[in-house]
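>>> model this:
(2 chains)
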Amino acid sequence: MSSDKKVQELQKRREQVQQGGGEQAIQKQVAMGKMTARERIIKLLDEGSFNEYDMFVEHEARDFGMEQKTLHGDGVITGTGTIGGRPVCIFAQDFTVAGGSLGSMHARKITKIMDHSLKMRMPLIGINDSGGARIQEGVNSLAGYGEIFFRNTLASGVIPQISVILGPCAGGAVYSPALTDFVFVVDGISKMFITGPEVIKTVLGEDISMEELGGARVHSETTGNAHFFSESEDECFDQIKSLLSYLPWSNTDVPARKKVIPPLEKYDISEIVPGDKRQPYDIRNVIRAVTDGSDFFEIQESWAANMVIGFGTMNGRTVGFVANQPLVLAGVLDVDSSDKSARFIRYCDAFNIPIVTLVDLPGYLPGVDQEHAGVIRHGAKVLYAYSEATVPKITVIIRKAYGGGYIAMNSRHLRADFVFAWPDAEVAVMGPEGAANIIFRKEIASAENPDAMRAQKVQEYKEKFANPYVAAAKGFIDSVIEPGETRKSLLHALEVSGDKSVGMPAKKHGIPPF
Amino acid sequence: MSKKENTLKKKPIQEPPLEELEVGNVIYTTRLTTKFKSRLNWERPNERVVIAIIPGTIQKIMVEVGDRVEAGVPMLILEAMKMRNEVLAPVAGVIRTVNVKEGDLVPKSHLLVELD
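Residues are numbered from 1 along each chain as shown, chains lettered A, B, ... in the order given. Next comes the predicted model:
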């Protein structure tokens, strides 16, 4: 063939680019316990499916001696591939090339693949491992970030966007992950913050390590910026694959249907919940007792654990679960749990995933810190998200639904499609203890034995109001069901709401209490 | 950080103990989160006690013990973040103590001045 030489040249060029930042830089990367960008892509995608774009892109910087430097791929690898046989777009910043710093061409490669994923309607996976802006490129670098953030926002709610933090991600760079749907972090490897430990020390005198400031645990447990925590990059990639198995490829697609298997026998729903409403139990076991194969894929497991969110499958289809967790802080609503659930409800709504809400909460967390942290405006997000959601919305009231918490947790009044309650459920303005103290204040105070009188009044109130039948009599609860009938009832509700169609007033967009 | 260190660091998963939490006159048995336990109890601020709102250097002190000051009068200058911050008397009163001297490097929340 006449072009043998040309083919050889192509091969040579490819090999050069594939070396990234060279042997020494790769060794450094490995010494930090990290894979290289190329290894990460290969590991995450189906075998042999990676198709690289823009391999021969070169930077355009002409200052500070940059014109002398060749940066392979300009520090980022982009392309398409498949996961579980379905197409995805991916980019991975290459820390071995100029520290993965973001210059204008680096950004342009990312925005090009982002445009592609939006146009072709497939998920976008971004692997972040970068020292930040390429200072030599000045404002061009900032422009690059801005272009990325803009596209993250445009694509939000259209295609799934996943950010994987596998190295530093600091300063402005953090805002691309923050704008995406799900953020994955790995212990000891991920570091995210706006201002680093050095600046904090200089300005405020606070001495903190990178890990303590913005390590994987911090973002999984304290800040809520991360959704999935893992011990290794391999485990992280498995988590990404699991997550994708629940998601549609875009907002006009439906998730792939899974095999229908009954829940495991070890999750006996009638045994999980203690009769004494003050006693805790793990709500996740109730979820596992109703899902296909007892499958539950939890999101943000360690942050605001008083609210549980995640995906499960019912009749082979993805369902989003939102549930109060009596095991942690008695399952109260507070600032963090409101933020956590509201965003997830909006996620499910954007991607046509039905929402099942399990209710067992004593109300809102009392305290000055909560009030001053703005629990009013944060709590309002839950009301907003549920009210706005038009996907099938199904509620099961398990034990307690008091006051504002009852309304917020996908009540009939926010247009729940089905509201079920267990026979033990108490739906009331407040618990019998609090209510009796207020309503019968005088009787209790003037009684010979106030404690006995209080107990008697609590009992009276319980019998009269603290049951599901008052709300059922008004039609706020559709059916009172036995615990053992929960899966059957949910499957039925999901089936009949499959073609749900509701209109909302025409508007540009609402003003949610962000 | 090497992978080896990561495995060493792996904490054994400990089930947090069950504790009590009161909501609406009912005491629930539940787990308390670290965030909940480390929340600070609110206290009414004492405006006669002036503390450093930011770490910095005491550049100048304009008052002495026994001075009568009006509210809003500069008492000292705290240099922090390259800014000269005038620390003003929050209320009228007599200076009871001055707990710093010029040139001192003070951390955040350090007691500066008390008024009677």
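>>> going forward, measure contacts between C-alpha atoms and count neighbours the same way
Fine.
>>> Residues of chain B that sit close to chain A?
Residues of chain B lying close to chain A (C-alpha under 8 Å from any C-alpha of the partner chain) are B:1-3, B:6, B:21, B:23-33, B:35, B:39-42, B:54-55, B:80-81, B:107-108.
>>> Can you say which of those are buried?
Among these, those buried by neighbour count (16 or more other C-alpha atoms under 10 Å in any protein chain shown) are B:3, B:6, B:21, B:23-24, B:26, B:28-33, B:54-55, B:80, B:107.
>>> Could you list the low-pLDDT ranges of the chain?
Just going to use chain A. A:1-2 (pLDDT under 70).
>>> Actually, chain B is the one I wanted.
Along chain B, segments meeting pLDDT under 70 span B:1-13.
>>> Flag every residue of the stretch 201-350 of chain A that's near chain B.
Counting by C-alpha under 8 Å from any C-alpha, the stretch 201-350 of chain A comes close to chain B at A:203-205, A:222, A:231, A:277-280, A:326-330.
>>> would TSV of those with distance to residue A:25 and neighbour count be doable?
TSV is the format used below for those (distance: C-alpha to C-alpha, whole Å; neighbours: other C-alpha atoms under 10 Å in any protein chain shown):
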residue	distance to residue A:25	neighbour count
A:203	33	14
A:204	34	16
A:205	34	17
A:222	33	17
A:231	24	17
A:277	58	22
A:278	57	18
A:279	55	16
A:280	52	22
A:326	49	28
A:327	47	22
A:328	45	26
A:329	47	31
A:330	50	31
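>>> what's the most distant pair in those?
A:203 and A:277 (49.2 Å; C-alpha to C-alpha).
>>> How about the contacts made by residue 63?
No chain specified, so I'll use chain A. Going by C-alpha atoms under 8 Å, 6 or more residues apart in numbering or on different chains, residue A:63 touches A:136-137.
>>> looking at chain B here, not the other one
By C-alpha under 8 Å, 6+ apart, the residues touching residue B:63 are B:75-76, B:95.
>>> Which of these sits closest to chain A?
Chain A lies nearest to residue B:76 out of the contacts of residue B:63, by C-alpha to the nearest C-alpha, at 19.4 Å.
>>> which element is the closest one on?
Assigned by DSSP states H and E, residue B:76 belongs to strand B:74-80.
>>> could I have whichever helix or strand comes after that strand exported to CSV, CA atoms only?
Later in the chain than strand B:74-80, the nearest helix or strand by DSSP H and E is strand B:83-88. Output of strand B:83-88 as CSV, limited to C-alpha atoms (Å, rounded to 0.1, in the frame of the first residue of the first chain):
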residue,chain,number,x,y,z
MET,B,83,-6.9,45.1,56.3
ARG,B,84,-6.9,47.5,59.3
ASN,B,85,-10.0,46.6,61.2
GLU,B,86,-11.2,49.2,63.7
VAL,B,87,-12.7,47.4,66.7
LEU,B,88,-15.5,49.6,68.0
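>>> so what secondary structure elements neighbour strand B:83-88?
strand B:74-80 (3 or more C-alpha pairs under 8 Å, 6 or more residues apart in numbering or on different chains; DSSP states H and E).
>>> returning to what we had before: which one (most neighbours) among the contacts of residue B:63?
The most crowded member of the contacts of residue B:63 is residue B:76, carrying 24 neighbours; neighbours defined as other C-alpha atoms under 10 Å in any protein chain shown.
>>> Now it: closest residue in space that isn't a chain neighbour?
Nearest residue to residue B:76, sequence neighbours excluded (C-alpha to C-alpha, 6 or more residues apart in numbering or on different chains): residue B:61, at 4.3 Å.
>>> and the residue of the stretch 301-450 of chain A found nearest chain B, what does it touch?
Residue of the stretch 301-450 of chain A nearest chain B, by C-alpha to the nearest C-alpha: residue A:328 (4.6 Å). Residues near residue A:328 by C-alpha under 8 Å, 6+ apart: A:305-306, B:30-33.
>>> If we use 6 Å, what do you get?
A:306, B:30-31 (C-alpha atoms under 6 Å, 6 or more residues apart in numbering or on different chains).
>>> go on, residue A:140?
Residue A:140 makes contact with residue A:104 under the criterion C-alpha under 6 Å, 6+ apart.
>>> what about residue A:396, distance to residue A:294?
Between residue A:396 and residue A:294 the computed distance is 18 Å (C-alpha to C-alpha, to the nearest Å).
>>> Ok, residue A:383 next?
For residue A:383, the distance to residue A:294 - C-alpha to C-alpha - is 29 Å.
>>> quick one: the helices in chain B?
According to DSSP state H, chain B carries its helices in the segments B:3-9, B:34-37.
>>> Who has more neighbours out of residue A:396 and residue A:294?
Set side by side, residue A:396 and residue A:294 show more neighbours around residue A:396, with 28 against 22, by other C-alpha under 10 Å.
>>> How about the secondary structure of the more buried one?
Secondary structure assignment for residue A:396 (DSSP: H, G, I helix; E, B strand; the rest coil): strand.
>>> So in terms of bridging, what pairs with it?
Under DSSP bridges, the beta-bridge partners of residue A:396 are residue A:358, residue A:420.
>>> what does residue B:21 give?
Where residue B:21 sits in a bridge, its partners, by DSSP bridges, are residue B:28.
>>> I'd assumed residue B:27 was in contact with it.
Yes. Contact criterion C-alpha atoms under 6 Å: residue B:21 and residue B:27 qualify, at 5.5 Å.
>>> so who does the nearest residue to residue B:90 once chain neighbours are set aside touch?
In space, and not counting its chain neighbours, residue B:90 is closest to residue B:71: 5.4 Å by C-alpha to C-alpha, 6+ apart. Listed by C-alpha under 6 Å, 6+ apart, the contact partners of residue B:71 are B:89-92.
>>> Can you give me the distance of residue B:71 to chain A?
Residue B:71 sits 27 Å away from chain A, going by C-alpha to the nearest C-alpha, to the nearest Å.
>>> Got the phi and psi for that residue?
phi -60, psi 140 (degrees, to the nearest 10).
>>> mind checking how far it is from residue A:7?
Distance from residue B:71 to residue A:7, counting by C-alpha to C-alpha: 82 Å.
>>> Surely residue A:164 and residue A:182 touch.
No. Using C-alpha under 6 Å, residue A:164 is not in contact with residue A:182, being 8.4 Å away.
>>> Who has more neighbours out of the two?
More crowded of residue A:164 and residue A:182, by other C-alpha under 10 Å: residue A:164, with 24 against 21.
>>> Does the more buried one belong to a helix, a strand or coil?
On the three-state scheme (three-state DSSP), residue A:164 is labelled strand.
>>> ok, now residue A:183?
At residue A:183 the chain is in strand, as set by three-state DSSP.
>>> Who are the contact partners of it?
A:163-164, A:226-227.
>>> at 10 Å instead, please
Going by C-alpha atoms under 10 Å, 6 or more residues apart in numbering or on different chains, residue A:183 touches A:126-127, A:161-165, A:177, A:219-220, A:224-229, A:240, A:300.
>>> which of the residues you listed count as buried?
Neighbour-count burial (16+ other C-alpha under 10 Å) applied to the contacts of residue A:183 gives A:126-127, A:161-165, A:177, A:219-220, A:224-229, A:240, A:300.
>>> For the stretch 1-150 of chain A, which segments are assigned as strands?
Along the stretch 1-150 of chain A, the stretches classed as strands by DSSP state E, counting those that start in this stretch are A:51-53, A:76-83, A:86-93, A:124-128.
>>> So which of the ones you listed is nearest chain B?
Ranking the strands of the stretch 1-150 of chain A by distance to chain B, with C-alpha to the nearest C-alpha as the measure, places strand A:124-128 first at 17.7 Å.
>>> tell me the angle of the closest one relative to strand A:76-83?
140 degrees (axes from the mean of the first three to the mean of the last three C-alpha atoms, to 10 degrees).
>>> Show me what strand A:124-128 is packed up against.
With contacts taken as 3 or more C-alpha pairs under 10 Å, 6 or more residues apart in numbering or on different chains; DSSP states H and E, strand A:124-128 sits against helix A:37-44, strand A:76-83, strand A:86-93, helix A:104-120, strand A:161-165, helix A:175-179, strand A:182-186.
>>> closest one to residue A:31 among the ones you listed?
Among these, helix A:37-44 comes nearest to residue A:31, with 14.4 Å by C-alpha to C-alpha.
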